[in-house]
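Undergrad: I need the structure of the sequence given here:
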Amino acid sequence: MSAFSESALERKLSELSNSQQSVQTLSLWLIHHRKHSPLIVTVWERELRKAKPNRKLTFLYLANDVIQNSKRKGPEFTKDFAPVIVEAFKHVSSETDESCKKHLGRVLSIWEERSVYENDVLEQLRQALYGEKKPRKRTYDQIKIEDNCSAQSSPGDPPQTADLIRALQELENAACGDAAVHQRIASLPIEVQDVSLLNRITDKDSGEQLSKMVDDACMLLADYNGRLAAEIDDRKQLTRMLSDFLRCQKEVLTEKEQTLEEYKRKLTNVSLVRKELKSRLQSLPDLSRLPNVTGSQVHLPFAGDVYSDN
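TA: Reported below is the predicted structural model:
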């Protein structure tokens, strides 16, 4: 891990990209330097407000990763982010589009499910993102009741096809398929996994060496566990999206089947008219076989013609 400085942090934030690897790499670096938590949060907020709109969401992804994965080591980041996170949500929400707000809503949902913050902070975050009209998160019992009365409930909006494709593509590089990390975890020395082997430590140097190995192993495993937890959230979200998409497609299918039946009936009616018309046409005289005379050639006799002296 490189040494910490304010300028180094600013540089790393300027290089931060929206990729999962970029966010997690910087998150690990920040957690490693958690003793500088107050300064880190100050610089983070300053750089967030300076960032372009298409990068602001990435800053909140970074904060989310740091807050959640640092809790195992201490409450520093959770506590130091609390005074600024509500205004950060307001800022990002006001500077970005509806798609970004949906991603912010997902982060908030995770924080609610995991009780990352107290209810008053979560309520402020809800108001910052949705305004006063956004209802509180439903309890499990409320969800079960609504599921049992699904005929009376209003289903959520189905996801856009592009969003669904993007969610599926993001899972192509999911944490569970990271062979490199699997290999690193499998290669961890037995000394960091078996507490009974601590008896082998005979001097301070070997103890400090083992301590460094244990710290590195903890960071590796904590990071990977965080990635797996995020992947589980992604898969749950994808499951909900697929469920909504399938429900929507079933509704569309029912509607199209009804339309097809309607037009089948129309086709039947038009076919009957066609058949009847053809039958009537066959019973009418064929005018094309009559003498071809024009109106000027027609001579209608008058009584005077009949009784003429000539």
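
Undergrad: rest of the way, CA atoms for contacts and neighbours
TA: Noted.

Undergrad: mind listing what's buried in stretch 58-72?
TA: Using 16 or more other CA atoms under 10 Å as the test for burial, stretch 58-72 gives 58-70.

Undergrad: Which ones among those lie within helices?
TA: 58-70 (DSSP state H).

Undergrad: got CSV for these, with distance to residue 38 and pLDDT too?
TA: Shown next, in CSV, are these (distance: CA to CA, whole Å; pLDDT from 0 to 100):
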residue, distance to residue 38, pLDDT
58, 20, 92
59, 16, 94
60, 17, 92
61, 18, 92
62, 16, 94
63, 13, 94
64, 16, 92
65, 17, 92
66, 13, 93
67, 13, 92
68, 17, 89
69, 17, 88
70, 14, 88
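
Undergrad: quick one: the strands in the stretch 151-300 of the chain?
TA: When assigned using DSSP state E, counting those that start in this stretch, the stretch 151-300 of the chain turns out to have no strands.

Undergrad: Tell me which stretches of it form helices.
TA: Under the criterion DSSP state H, counting those that start in this stretch, the stretch 151-300 of the chain carries helices at the ranges 161-170, 179-186, 204-283.

Undergrad: Which of these sits closest to residue 42?
TA: helix 204-283 (23.7 Å; CA to CA).

Undergrad: didn't residue 244 look like it was pressed against residue 159?
TA: Yes - Residue 244 lies in contact with residue 159 (CA atoms under 8 Å); the separation is 7.0 Å.

Undergrad: re the thing from before, dump the buried residues of stretch 58-72 to JSON lines, plus distance to residue 102.
TA: Shown next, in JSON lines, are the buried residues of stretch 58-72 (distance: CA to CA, whole Å):
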{"residue": "58", "distance to residue 102": "14"}
{"residue": "59", "distance to residue 102": "15"}
{"residue": "60", "distance to residue 102": "13"}
{"residue": "61", "distance to residue 102": "13"}
{"residue": "62", "distance to residue 102": "17"}
{"residue": "63", "distance to residue 102": "17"}
{"residue": "64", "distance to residue 102": "15"}
{"residue": "65", "distance to residue 102": "18"}
{"residue": "66", "distance to residue 102": "21"}
{"residue": "67", "distance to residue 102": "20"}
{"residue": "68", "distance to residue 102": "20"}
{"residue": "69", "distance to residue 102": "23"}
{"residue": "70", "distance to residue 102": "25"}
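
Undergrad: Would you map out the domains in this structure?
TA: As given by the TED database, the domain ranges for the chain are 6-130, 161-251.

Undergrad: Now do the end-to-end distance for the longest one.
TA: Domain 6-130 has an end-to-end distance of 34 Å (criterion: CA to CA, to the nearest Å).
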